[in-house]
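[1] pasting the structure only:
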């Protein structure tokens with residue numbers, strides 16, 4: 001199995017594979033590379049729809065050059081705990097944010113969410129986010145307002161009365177339930193349209209089909225979120241011999 005950095009030829013094969021609609025695992029198999037290598041390469045360089053082999057190759061060379069120059073930490077960037085490689089953490093944060101963008105999150109919101117996710121505390125103040133991301137306070141304010149509206153973060157006050165933005169273990173459950181409620185509201189609205197347009201008409205039939213589909217999706221999301229929360233957040237009972 002090949003090792004080391006991806007070659008320009010391999011990047012071209014990745015681009016061709018993406019254009020053909022191949023999964024990351026299949027592209028990796030053809031290259032005899034780990035799937036994680038292909039996934040990281042694509043997400044760091046624009047995602048599956050924007051990946052370009054030439055641009056990715058130049059960007060990688062540029063990043064390698066910056067590392068060789070041993071650039072100082074960005075202003076406000078903390079010293080990495082647990083012996084972590086600061087450059088590797090920074091690169092992963094970029095990749096994580098790109099993954100959120102690919103799932104539909106706006107770029108600034110994705111950066112804030114990724115930054116919160118990879119902190120050990122899971123929480124940061126607005127000032128800390130501004131320093132770490134090197135953006136304006138207004139950008140952070142807009143991003144956190146959006147994330148809070150989606151149920152992805154929550155606010156709390158610390159001992160110094162500063163407002164902190166928190167990403168915790170329950171956040172995905174809250175986000176999924178918010179999505180289910182939003183979808184359920186679409187069901188109600190679609191069914192109101194059936195009455196307005198007249199039952200039995202083509203337009204009403206279309207709206208009823210939309211309502212039935214979204215109703216099923218909404219219930220499935222809520223049920224899956226409840227089940228996942230119960231399974232993943234329930235601590236195993238200890239056995240008589242003290243094991244779990």
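    Ah, there it is. Bear in mind that the values here come from a model prediction, so they are computed numbers and not experimental data.
[2] For residue 186, give me its contacts.
    Applying C-beta atoms under 8 Å, 6 or more residues apart in numbering, we find residue 186 in contact with 210, 211, 214. C-betas here are computed from N, CA, C, even on glycine.
[3] Might one say that the second one is in contact with residue 190?
    Just to be clear, that refers to residue 211. Yes - between residue 211 and residue 190 there is a contact under C-beta atoms under 8 Å: 4.0 Å.
[4] Nearest the middle, which residue of the protein would you pick?
    Geometric centre of the chain, nearest residue: residue 100, 3.0 Å, by C-alpha atoms, centre = their mean.
[5] just checking, next helix/strand downstream of the helix or strand of the chain with the lowest mean pLDDT?
    Every helix and strand of the chain was ranked by mean pLDDT, DSSP states H and E. The lowest is helix 53-68, at a mean of 73. For helix 53-68, the following helix or strand on the C-terminal side (DSSP states H and E) is helix 86-102.
[6] counting contacts, what elements does that following helix pack onto?
    helix 35-43, helix 107-117 (3 or more C-beta pairs under 8 Å, 6 or more residues apart in numbering; DSSP states H and E).
[7] Check which helices and strands the next helix or strand after the last one is in contact with.
    Counting by DSSP H and E, the next helix or strand C-terminal to helix 107-117 is strand 123-125. The contact analysis (3+ C-beta pairs under 8 Å, 6+ apart) places strand 123-125 against helix 107-117, strand 163-166.
[8] Break the protein into its domains for me.
    8-68, 86-166, 171-233 (automatic domain parsing).
[9] distance between the second one and the chain's centre?
    Remark: domain 86-166 is offset 11 Å from the chain centroid, using C-alpha atoms, centre = their mean, to the nearest Å.
[10] mind showing which ranges of this structure have poor pLDDT?
    For the chain, the stretches with pLDDT under 70 are 1-3, 63-80, 234-244.
[11] residues of the longest helix seen in the chain that come out buried?
    Using DSSP state H to define each element, the chain has its longest helix at helix 202-233. Neighbour counts over helix 202-233 (16 or more other C-beta atoms under 10 Å) mark 204, 207-208, 210-211, 214-215, 217-218, 221-222, 225, 229 as buried.
[12] list the contacts for residue 150?
    175, 178.
[13] how about 10 Å then?
    Contacts for residue 150 were tallied using C-beta atoms under 10 Å, 6 or more residues apart in numbering; they are 105, 109, 113, 171, 174, 175, 178, 179, 182.
[14] Buried ones among those?
    Applying 16+ other C-beta under 10 Å to these flags 105, 109, 113, 171, 174, 175, 178, 179 as buried.
[15] Secondary structure and distance to residue 60 added to the residues you listed, as TSV?
    Converted to TSV, the buried ones among the contacts of residue 150 look like this (DSSP: H, G, I helix; E, B strand; the rest coil; distance: C-beta to C-beta, whole Å):
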residue	secondary structure	distance to residue 60
105	coil	25
109	helix	26
113	helix	25
171	helix	33
174	helix	37
175	helix	33
178	helix	38
179	helix	36
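[16] can you put these in a markdown table and add distance to residue 50?
    A markdown table is the format used below for the buried ones among the contacts of residue 150 (distance: C-beta to C-beta, whole Å):
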| residue | distance to residue 50 |
| --- | --- |
| 105 | 15 |
| 109 | 18 |
| 113 | 20 |
| 171 | 28 |
| 174 | 31 |
| 175 | 25 |
| 178 | 29 |
| 179 | 26 |
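[17] Out of the residues you listed, which is nearest to residue 20?
    residue 105 (26.7 Å; C-beta to C-beta).
[18] My guess is the closest one contacts residue 175. True?
    No - using C-beta atoms under 10 Å, residue 105 makes no contact with residue 175, being 11.2 Å away.
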